[in-house]
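Participant: Test case, fold it:
(2 chains)
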Amino acid sequence: MGSIRFKNVDKVFGPSAGGVKVLDDINLEIAEKEFVAIVGPSGCGKTTCLRMVAGFEPPTSGEVSVNGKVVTAPGPDRAVVFQQFALFPWKSVRDNIDLGLRNKNLPKVERDERIAAALRLMNLESHADAFPHQLSGGMQQRVAIARAYVLDPEVLLMDEPFGALDAQTRVVMQEELVRLARVNPRTVLFITHAVEEAVYLADRVAIMTRRPGRIKEVLDIRKVREAENWDRMTRIEDVMDLESFVHLRTQIWKSLREEKGANSV
Amino acid sequence: MGPPLPLRERLVLGGLGLGGFIALWTLLSTTGIVPRSFLPTPFDVMSRFAVLLSTPFAGATLPQHLASSFQRYGSGVLLAAAIGVPLGLMMGWFRVLDDIVTPIFDGLRFIAPIAWVPFAALWFGTGIGGPVLIIFAGAFPPCLINAYRGARFVEPRLIEAARMLGTGNTRMIVEILLPAATPSIVAGLRVSAGLGWQSLVGAELIVAAAGIGFMMVQAQANVATPTVMAGMVAIGLVGMLIDILLRQFEAWLRRRRGLEV
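Facilitator: Have a look, this model is predicted:
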């Protein structure tokens, strides 16, 4: 459960004639429990890809499907973690996490258990009654991840989730996410413009061209990771020094630079 | 506008404004440039105000008239909020409802509350319904408009977050749109409270027993100008008080939400 498929997806913003084409013939298949990161120059439409899986935007043509079913609306089977957290400021941490469970009409006892587990998982136990504005950015994003995870979604959609965090917090959150993916693997579609983050986290990295975005190439990180025996649980700074990691990173950078160069001339 | 001045200077300037206003008023009324029966002096008004606090005029003292007015006023404003806020929120969520209500509302809201007086009298006689209708007519539009705008301008991310969490329509309105729109709604309630209070004199043209507007109408019939003005002062003071209280409430709400005051 949780496979994602983009089939010949085009997206045009604005009027169908004379609008801006942001995505051009996107084809990508993501297997169940696979972690795929999409990187690309800004404005290439990578976030639009995620929003179409979430059901926030329809494709102009082509199909986006999850488990073989065409996506038509948002739903808790596809939980989203937003860059700007999107927590409800008037709800406590607990109530933010609870909303999705209440929408599923789960009994109170089960909801409480699941909230407690999610709080424990994200190290938020002592902040259950705090309000979002009382928390740091990193803590807020933990709440957003807990809110998504607690629904037990088949697919986790993360839209530059660590983009608004400072560098140290970002590293901590990346390691947390790796830990989560180990404990409770999900299909993850992860949007980022940070190349290292993509290589560190993902099973596969899809590189997009500049607008109108196409999938330029897809690198399988797993092969290298397994061949070179770098375990994802290793601390990020250890991994980052490995030759195989550096090689992949450079490869992606070069690929992206071609896009930037073409754009900025 | 430049940066705000220090509090002390603002108090001095405010005092200068008020002092100048009263000085001009005193000058006009005591020198006879304007006949005293047309424009009573500030002293006449204030002493009349003091007398009215304990001596009945038109059947009741000033506080009693105010208390009577407050019943109508409270009913009218509460009714406006109770209908306007939910309707505005629903219009902000259901496009169909928006398309149905907006044309009617846009036509009706430009009719001044006082224009409803003849019909209020016709429909309700001298009962409480008439004044309540007129105050309602004054207070309703800002309630509806601000709830509607508040709902329409909720951060799109929050709506998306709620939708991906599987939130249905009712819960979306009650738990997402309502709290998100609360600052806008409270600002609207402030305007509503003010407009409702302004409509009071008009509303009390058609009451028979008591009320601050009723008192002023009676005084006007007797050319008791200091009494009319004492009524105006009372309306101004109470209006300010209502606004100050609502502003405090608004600031408290914003602080609680972690927003800037």
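Participant: what's the neighbour count on A:Glu175?
Facilitator: Counted with other Cβ atoms under 10 Å in any protein chain shown, residues neighbouring A:Glu175 total 17. C-beta coordinates here come from the backbone N, C-alpha and C atoms, glycine included.
Participant: wait, doesn't it sit right on A:Ile236?
Facilitator: Yes: taking Cβ atoms under 8 Å as the definition, A:Glu175 is a contact partner of A:Ile236 at 6.2 Å.
Participant: Please tell me how far B:Phe94 sits from B:Pro179.
Facilitator: Taking Cβ to Cβ, to the nearest Å as the measure, B:Phe94 falls 19 Å from B:Pro179.
Participant: Comparing the two, which residue is more hemmed in?
Facilitator: B:Pro179 (19 against 14).
Participant: Spatially, what comes nearest to that one if we skip its sequence neighbours?
Facilitator: Nearest in space to B:Pro179, with sequence neighbours left out and distances taken as Cβ to Cβ, 6 or more residues apart in numbering or on different chains, is A:Trp90 at 4.0 Å.
Participant: isn't there a helix covering the one you found?
Facilitator: No: read with DSSP: H, G, I helix; E, B strand; the rest coil, A:Trp90 is coil and lies in no helix.
Participant: wait, it sits on B:Arg257?
Facilitator: Yes: here A:Trp90 reaches B:Arg257: they are 6.4 Å apart, a contact under Cβ under 8 Å.
Participant: joint contacts of those two?
Facilitator: Residues touching both A:Trp90 and B:Arg257 by Cβ atoms under 8 Å, 6 or more residues apart in numbering or on different chains: B:Thr182.
Participant: any idea how far chain B is from the closest residue to A:Pro59 other than its chain neighbours?
Facilitator: Leaving aside its chain neighbours, A:Pro59 sits nearest to A:Val9 (4.6 Å; criterion: Cβ to Cβ, 6+ apart). The gap separating A:Val9 from chain B is 20 Å, by Cβ to the nearest Cβ, to the nearest Å.
Participant: Report the buried residues of the helix or strand containing A:Val9.
Facilitator: Taking DSSP states H and E as the criterion, the element that holds A:Val9 is strand A:4-13. Neighbour counts using 16 or more other Cβ atoms under 10 Å in any protein chain shown place A:Ile4, A:Arg5, A:Phe6, A:Val9, A:Lys11, A:Val12 of strand A:4-13 among the buried residues.
Participant: and of those residues, the nearest to chain B?
Facilitator: A:Ile4 (15.1 Å; Cβ to the nearest Cβ).
Participant: got a list of what that closest one touches?
Facilitator: A:Ile4 neighbours (Cβ under 8 Å, 6+ apart): A:Leu28, A:Glu29, A:Ile30, A:Val53, A:Val64, A:Ser65, A:Val66, A:Val155, A:Thr187, A:Leu189.
Participant: For it, list each beta-bridge partner.
Facilitator: Here A:Ile4 sits in beta bridges with A:Ile30, A:Val66, going by DSSP bridges.
Participant: Quick one, grab the pLDDT at it.
Facilitator: Looking at A:Ile4, its pLDDT reads 96.
Participant: can you check A:Ala31 too?
Facilitator: Looking at A:Ala31, the pLDDT reads 95.
Participant: That one is in contact with A:Met1, isn't it?
Facilitator: No: counting by Cβ under 8 Å, A:Ala31 does not reach A:Met1; the two are 11.0 Å apart.
Participant: Would you mind writing the CA trace of stretch A:138-156 as PDB?
Facilitator: The C-alpha trace of stretch A:138-156 is given here as PDB (Å, rounded to 0.1, in the frame of the first residue of the first chain):
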ATOM      1  CA  GLY A 138      12.100  22.800  15.100                       C
ATOM      2  CA  MET A 139       9.600  21.800  17.800                       C
ATOM      3  CA  GLN A 140       6.700  23.100  15.600                       C
ATOM      4  CA  GLN A 141       7.900  20.900  12.800                       C
ATOM      5  CA  ARG A 142       8.000  17.900  15.100                       C
ATOM      6  CA  VAL A 143       4.400  18.600  15.900                       C
ATOM      7  CA  ALA A 144       3.600  18.800  12.200                       C
ATOM      8  CA  ILE A 145       5.300  15.400  11.700                       C
ATOM      9  CA  ALA A 146       3.600  13.900  14.700                       C
ATOM     10  CA  ARG A 147       0.200  15.200  13.300                       C
ATOM     11  CA  ALA A 148       1.000  13.500  10.000                       C
ATOM     12  CA  TYR A 149       2.400  10.200  11.500                       C
ATOM     13  CA  VAL A 150      -0.400   9.700  14.000                       C
ATOM     14  CA  LEU A 151      -2.800   9.200  11.100                       C
ATOM     15  CA  ASP A 152      -0.800   6.100  10.100                       C
ATOM     16  CA  PRO A 153      -0.900   7.400   6.500                       C
ATOM     17  CA  GLU A 154       0.200   5.200   3.500                       C
ATOM     18  CA  VAL A 155       2.000   8.200   2.000                       C
ATOM     19  CA  LEU A 156       3.900  10.900   3.700                       C
END
